[in-house]
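Peer 1: coordinates only, no sequence provided:
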């Protein structure tokens, strides 16, 4: 089973498909939600210390043509982009991309702090004067200081306590360290796995590195979500698409789905639930093991500019022990279901048949053994 790079394969962990499965739990969870596309990590030309080449106004003008619904402007060392007239929470996300220098090991880490509400970013910056030396106010800048890793993790906990999301930005391209634990920012944080996607030649070397890092983290028992990004500093682009199912096109919902892990990196939507008559959970959730758990999967809503013909892809479902189910994708929407076994987690992907590159990487559903 070719995947990501030549001769890279997963062990078989074959599961049984369920004919005439009941998809009501999946349909109930995603009812009234619409697939929306966007990138949680981009930059702008907003003045001050911003280092992007595109103004927020230019982002807004380009988004309809690119068929993207939201962009996370994560400018460095400042908050001013969130207070510009063009900034609207229907299109942009509240947040920033600091850089942290750890005392041990000697390394630099880029990370995202993304929030549901205006003002939450300043709340976190003000709470850690020894870390950011935040000047305050709309034009307020902050700096990057050297701290220890434990102090850094406290910042992540503060972000989550404010309802925000904490993301390891381009992890293998920034952190110069062999210890996998220094890539782990805590349960229910995320790392950027897909690093630009451009059909029909989607495979980026950074994606290979970041994807394999994520697999190692999952194998080590870490509960980390994944996202995609183009980390755009220049012209607006849609090569770092995430597919998020929300009721409203608003920052608060996009960030909430990221906090929950109920989304997928990539340019086609993955919907997945795991449960039985006693209840179910979606991607990002955890459910107690029972012998009658059913995993239901739906693939739909390919991005009109980034997703090719469905027949160019297949759907793979993985457990922590290997490839559980694989089937060619013939049309959208596509549904399937399998009987779950006693595993640590399940996850799904949509893979290009010709090159093994991911068009979508879903987040896991974990199983708890009480």
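Peer 2: It's in. In this text the structure is predicted, and so the values were computed from the model without any measurement. Residues are numbered from 1 along each chain as shown.

Peer 1: the domain parsing of this protein - what is it?
Peer 2: Taking automatic domain parsing as the reference, the chain has its domains at 1-32+268-370, 33-266.

Peer 1: will you turn those domains into TSV that also has mean pLDDT and mean neighbour count?
Peer 2: For every residue, glycine as well, the C-beta is placed using N, CA and C. What follows is these, written out as TSV (pLDDT from 0 to 100; neighbours: other Cβ atoms under 10 Å):
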stretch	mean pLDDT	mean neighbour count
domain 1-32+268-370	92	18
domain 33-266	93	19
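
Peer 1: just the helices in the stretch 251-370 of the chain please.
Peer 2: For the stretch 251-370 of the chain, applying DSSP state H, counting those that start in this stretch gives helices covering 251-260.

Peer 1: what ranges do the strands span in it?
Peer 2: Along the stretch 251-370 of the chain, counting by DSSP state E, counting those that start in this stretch, strands occupy 264-266, 269-276, 279-282, 286-288, 294-300, 313-319, 322-328, 334-339, 345-352, 358-362, 365-368.

Peer 1: quick one, phi psi at the closest residue to residue 79 other than its chain neighbours?
Peer 2: Nearest residue to residue 79 in three dimensions, chain neighbours excluded: residue 121, at 5.7 Å (Cβ to Cβ, 6 or more residues apart in numbering). Main-chain torsions, residue 121, degrees, to the nearest 10: phi -60, psi -50.

Peer 1: thinking again about what came up before, including distance to residue 29, could the strands of the stretch 251-370 of the chain go into CSV?
Peer 2: Listed next are the strands of the stretch 251-370 of the chain as CSV, based on distance: least, Cβ to Cβ, whole Å:
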stretch, distance to residue 29
strand 264-266, 14
strand 269-276, 6
strand 279-282, 5
strand 286-288, 13
strand 294-300, 10
strand 313-319, 18
strand 322-328, 20
strand 334-339, 14
strand 345-352, 15
strand 358-362, 14
strand 365-368, 12
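
Peer 1: among these, which is nearest residue 98?
Peer 2: Smallest distance to residue 98 across those (Cβ to Cβ): 22.1 Å, for strand 264-266.

Peer 1: ok, back up a step: quick one: contacts for the residue nearest to residue 79?
Peer 2: Contact partners of residue 121, counting by Cβ atoms under 8 Å, 6 or more residues apart in numbering, are 79, 82, 94-96, 113, 115.

Peer 1: farthest pair in those residues?
Peer 2: Largest separation among the contacts of residue 121 by Cβ to Cβ: 82 and 113, giving 12.0 Å.

Peer 1: residue 364 against residue 343, yeah?
Peer 2: No. In terms of Cβ atoms under 8 Å, residue 364 does not count as a neighbour of residue 343; the distance is 10.2 Å.
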